[in-house]
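Participant: model this:
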Amino acid sequence: MENFAGIPTSDIRQNGGKDLELIALVEGTSSPLDSTLHRNDIFLKDELVRQPSCNMRDRPRSWMGKLPTYVSRSMGHVLFGTKLNWLLLCVPLAMIGGQGLFGHGWVFAFSLLGMAPLAERLGFVTEQLSFFTGSTVGGLLNATFGNATEMIICIIALRKKMIRVVQLSLLGSILSNMLLVLGCAFFFGGLKHSQKDQKFNKVTAQVSASLLLMAVMGLLFPAVLHATGTELQIGKSELVLSRFSSIIMLVAYIAYLYFQLKSHKELYDSEEDAVDNDGDSDEGEALLCFWTSIGWLTILTIFISILSEYLVDAIEGASNAWNVPIAFISVIILPIVGNAAEHASAIMFALKDKLDISLGVAIGSSTQISMFVIPFCVVIGWPMETHMDLNFELFETATLFITVLVVAFMLQEGTANYFKGLMLILCYLIVGASFFVHVDIPDKHPGS
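Facilitator: Model (predicted):
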């Protein structure tokens, strides 16, 4: 057996070569540890090279053995990750009621309640997916799937030629995000940090406000053109103008994405960097892998599509059963449930004094709906021979116009407090009361 200074090599290997280095230091000789470890490294490398070829047959067995554990773990994260998921019990009840066993009011209520946890879990899975796609693609995914519930409802309603439901639900989502969600974020954040005014990035907020004003312009001109009876071709000019304006708005939204994610990325990354450098950062590691997130994204989208169809079919019956106007259900009730996850997120970040993220949730969602989802519905209705246009009627368009002006003035100073939040919430109550007494009788135009 090899030895060095009377110490067996096996003992040297066992205690990591510490004795070998000590002896060499005392005697002033060079340590043969390097050569010994070199031979060991060569042996280990040879073993590692041979290892994969030996274990390739065992990998499928190992993977299949771990599959049930991994599936149960991912189901635990998705199905039991939030207390809101107990509302998933409403999903089978809505499906059973959709077969004619319950009245339309119950089917609408069960579908609406079952949609809330599905929308929240869709946001969770999208967030998990962004861990593997990077910030740029992750931002696009969050922008796309953040309003997936509204888009699915609108596509199903368009297929059923229920254009007013599409228009009113999208309008209600914008109003809810700008007044209720942002107002609650300002209010509760201001109460938590009452000793100071909370600050946010004024430049990015003004960019979003400008896009919202551009969206109001796109909706205002077709409504005024029809109301004044100044169309060049009655029944056609309004629809052509709506489609042209929708294409322009989509181009503007694509340019906005490039501005946000590429050319002026530093404006939007400054607050994210501050969060990353903060010791209280809540960003952890991914709980789901890439393909598991894709799978859950598909499953949740399918269930949201199924519930959306029951929801759209039951909305008129629910209006008659509850004696509530369809406009109130579409503008007020639907968006509150659809934006429940965004509502909670905006308040949570405001309480942590991260108001830039709260604005990104509330104003960013409104910007996406007004500049992408509404024009997208107009364009996609074109080949479907559904004459969706941008004429939301004067009452609805005026409501949106005043709301955007109020929010734009609120964002001018770059500060927020509980009083500004209270004013936004009270404005939303006025809007809700207005739609409760509003009878929606749209004029006979191509979009009605």
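
Participant: can you tell me which helix or strand the closest residue in space to M371 that isn't next to it in sequence belongs to?
Facilitator: Distances taken as CB to CB, 6 or more residues apart in numbering put Y253 closest to M371, at 4.2 Å, once the chain neighbours are dropped. Every residue, glycine included, has its C-beta placed from N, CA and C. In this assignment (DSSP states H and E), Y253 forms part of helix 237-258.

Participant: tell me the contacts of the residue nearest to M371?
Facilitator: Y253 sits next to 211, 368, 371-372, 375 when contact means CB atoms under 8 Å, 6 or more residues apart in numbering.

Participant: and the protein, what are its domains?
Facilitator: 3-56, 122-436 (automatic domain parsing).

Participant: So for S72, which of those sits nearest?
Facilitator: Proximity to S72 (CB to CB) singles out domain 122-436 among the domains of the chain, at 12.0 Å.

Participant: hang on, the earlier thing: closest to L112 out of the domains of the chain?
Facilitator: Each of the domains of the chain was checked against L112 via CB to CB, and the shortest separation belongs to domain 122-436, namely 5.1 Å.

Participant: could the domains of the chain go into a markdown table alongside distance to A94?
Facilitator: Listed next are the domains of the chain as a markdown table, based on distance: least, CB to CB, whole Å:
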| stretch | distance to A94 |
| --- | --- |
| domain 3-56 | 48 |
| domain 122-436 | 5 |
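
Participant: Let me have those in CSV, adding mean pLDDT and distance to K83 as columns.
Facilitator: Shown next, in CSV, are the domains of the chain (pLDDT from 0 to 100; distance: least, CB to CB, whole Å):
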stretch, mean pLDDT, distance to K83
domain 3-56, 46, 43
domain 122-436, 84, 11
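
Participant: Any chance you could list what contacts stretch 92-107?
Facilitator: Here stretch 92-107 makes contact (CB under 8 Å, 6+ apart) with 110-111, 114, 306-307, 310, 313-314, 316-318, 320-322.

Participant: Work out the gap between that stretch and the centre of the chain.
Facilitator: Stretch 92-107 sits 28 Å away from the centroid of its parent chain (CA atoms, centre = their mean, to the nearest Å).

Participant: I'd like to know how many residues surround N323.
Facilitator: By other CB atoms under 10 Å, 6 other residues sit near N323.

Participant: Starting from F436, give me the distance back to it.
Facilitator: Summarising the geometry, the distance separating N323 from F436, computed by CB to CB, to the nearest Å, is 11 Å.

Participant: Ok, L405 next?
Facilitator: Spatial separation of L405 from F436 under the definition CB to CB is 23 Å.

Participant: do the same with L158
Facilitator: Distance, L158 to F436, using CB to CB: 26 Å.

Participant: for S72, same thing?
Facilitator: Counting by CB to CB - S72 and F436 are separated by 46 Å.

Participant: And these two? Which one has more around it.
Facilitator: Using other CB under 10 Å as the criterion, S72 and F436 rank with F436 on top: 13 against 9.

Participant: check contacts around the more buried one.
Facilitator: Taking CB under 8 Å, 6+ apart as the test, what F436 contacts is 324-325, 328, 332.

Participant: Return the members of the residues you listed classed as buried.
Facilitator: 325, 328, 332 (16 or more other CB atoms under 10 Å).

Participant: Kindly indicate which of these lies nearest F131.
Facilitator: I332 (35.5 Å).

Participant: helix/strand/coil for that closest one?
Facilitator: Under the three-state scheme (DSSP: H, G, I helix; E, B strand; the rest coil), I332 adopts helix.

Participant: what's it in contact with, if anything?
Facilitator: Under the criterion of CB under 8 Å, 6+ apart, the contact partners of I332 comprise 172, 176, 432, 435-436.

Participant: cutoff 10 Å now
Facilitator: When the contact criterion is CB atoms under 10 Å, 6 or more residues apart in numbering, the partners of I332 are 168, 172, 175-176, 180, 324-325, 428, 431-436.

Participant: One more: I152?
Facilitator: Residues in contact with I152 (CB under 10 Å, 6+ apart) are 115, 301-302, 304-309, 311-312.

Participant: again, only this time at 6 Å
Facilitator: With contacts defined as CB atoms under 6 Å, 6 or more residues apart in numbering, the neighbours of I152 are 304-305, 308.

Participant: With F188 instead?
Facilitator: Contacts for F188 were tallied using CB under 6 Å, 6+ apart; they are I347.

Participant: Look up phi and psi at it.
Facilitator: Recorded main-chain torsions at F188 are phi -70, psi -40, according to degrees, to the nearest 10.

Participant: Please report the distance of it from A318.
Facilitator: From F188 over to A318 the distance is 31 Å, taken as CB to CB.
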